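> Below are the sequence and a predicted model; questions follow.
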Amino acid sequence: MDDLPGGPRGYQVLAAAGRENARTQLALAQQLGVDRTVMTYLIDDLERAGLVERRPDPADRRARQILLTGAGRERLCALERDLRAAEQQVLEPLDETDRAALRHLLRRLATRSGADAGACPAAQDLCDADPKPDPARRR
């Protein structure tokens, strides 16, 4: 992600924009816990790189929707492939049950990090996709 505008934050914006239907800039900032001003500069950089575009929100002309461009979608897919390969390499020593247990524990940490903090998109994806680990497997 070194050459991606915003690095990991830029990836989070791309991933959120790719999953959601026309999220507004403000909604993305709130979802990702990023200051509105910082989000503006981040989206400016992503837009200059041709990865996202702003469009007027039909429901509120003052708001702007953040949408992936074709290049943004391609870049997001490439980044996700790279991240999955890195995860596979890091988790290689663990069997599938231990991987599920680790994901479960990380999900608990990520989704309970603050009183009013919602789940980050990656943690929510894990919640939606992975079953709970087998409690009998605990050591």
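Everything's here; your move.
> Domain boundaries for this structure, per the record?
As assigned by automatic domain parsing, the chain contains the domains 7-71, 93-134.
> Please work out which of these is packed deepest.
Comparing those by mean neighbour count (mean count of other C-beta atoms under 10 Å), domain 7-71 ranks first with a mean of 17. (Glycine included, C-beta is placed from N, CA and C.)
> mind checking how far that domain is from the chain centre?
In terms of C-alpha atoms, centre = their mean, to the nearest Å, the centre of domain 7-71 is found 12 Å from the chain centre.
> Quote the end-to-end distance of it.
17 Å (C-alpha to C-alpha, to the nearest Å).
> Do you know the pLDDT at Ala122?
Note on Ala122: pLDDT of 51.
> Adding distance to Glu80, write the domains of the chain out as TSV.
Supplementary listing: those in TSV, determined by distance: least, C-beta to C-beta, whole Å:
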stretch	distance to Glu80
domain 7-71	8
domain 93-134	11
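> which one of the ones you listed has the lowest average pLDDT?
Looking at those, the bottom one is domain 93-134 with a mean of 69.
> ok, which stretches of this structure are helices?
Counting by DSSP state H, one finds helices in the chain at the ranges 7-19, 25-32, 36-48, 70-91, 96-111, 121-129.
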